[in-house]
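S.K.: Provide a 3D model corresponding to the input given below.
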Amino acid sequence: TDGDGNSVQERFRRDCAAAGRFHDLTGASNEAAAAAVNAARPHVLLDVNGYTGEGVRSQRSIILALTPARIQVNFLAWVASSGADFIQYLVSDPVASPPELRSYYSERLLLFPHSYFPSDLRNSAGGSLLHGVA
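M.R.: Okay, the predicted model is just below:
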């Protein structure tokens with residue numbers, strides 16, 4: 001994060017802290033993070049990292065493998081199937097995850113009708129990039 005309060009991470013941190021539900025697990029081991037998530041008893045855990053990171057220790061998907069939440073969802077992390085039996089749902093769209101290929105996914109597909117990727121073009125640097133978008 002750039003520390004200016006405008007990055008997605010900073011906005012997320014601020015909004016969750018205002019609700020009293022932000023827990024920074026950046027420095028926690030995968031096991032400690034999974035235990036903290038389990039203790040918080042979330043209804044749903046969203047994975048927004050997927051199989052990213054340098055090396056196995058950086059891949060926080062290991063936390064999900066420890067199943068700290070009953071319902072675990074891949075959202076924005078990995079648009080393809082994870083192949084993991086511990087992730088129940090994948091948020092996608094019909095272009096990225098064609099419904100006729102459902103049988104190839106280990107997750108149940110939750111398909112947004114147009115795009116799985118949220119965007120707010122009005123909040124772009126310098127204003128809207130598209131003419132006519134107010």
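S.K.: Can you give me the neighbour number for Val91?
M.R.: Using other CB atoms under 10 Å, Val91 is surrounded by 21 other residues. (Glycine included, C-beta is placed from N, CA and C.)
S.K.: Just the element for it, please.
M.R.: Val91 is part of strand 89-92, with elements assigned from DSSP states H and E.
S.K.: How about Leu45?
M.R.: strand 44-47.
S.K.: Quick check: Ser97 vs Ala39, distance?
M.R.: Applying CB to CB, to the nearest Å, the value for Ser97 to Ala39 is 33 Å.
S.K.: Can you tell me the number of residues neighbouring the nearest residue to Ser81 once chain neighbours are set aside?
M.R.: Spatial nearest neighbour of Ser81, chain neighbours left out: Tyr105 (4.2 Å); criterion: CB to CB, 6 or more residues apart in numbering. Neighbours of Tyr105 under the rule other CB under 10 Å: 17.
S.K.: Equivalent analysis for the one 10 residues further on, please.
M.R.: Ser115 has 12 neighbours, counted by other CB under 10 Å.
S.K.: and Gly50, what are its phi and psi?
M.R.: phi 70, psi -150 (degrees, to the nearest 10).
S.K.: Pretty sure it sits against Val73.
M.R.: No: contact criterion CB atoms under 8 Å: Gly50 and Val73 do not qualify, at 11.5 Å.
S.K.: Please report the distance of the spatially most central residue of the chain from Arg102.
M.R.: By CA atoms, centre = their mean, the chain has its centre lying nearest to Val48, at 2.2 Å. Relative to Arg102, Val48 is positioned 23 Å away (criterion: CB to CB).
S.K.: From the chain's centroid, how far away is the helix or strand bottoming out on mean pLDDT in the chain?
M.R.: Sorting the helices and strands of the chain by mean pLDDT, DSSP states H and E puts helix 8-18 at the bottom, at a mean of 79. Remark: helix 8-18 is offset 14 Å from the chain centroid, using CA atoms, centre = their mean, to the nearest Å.
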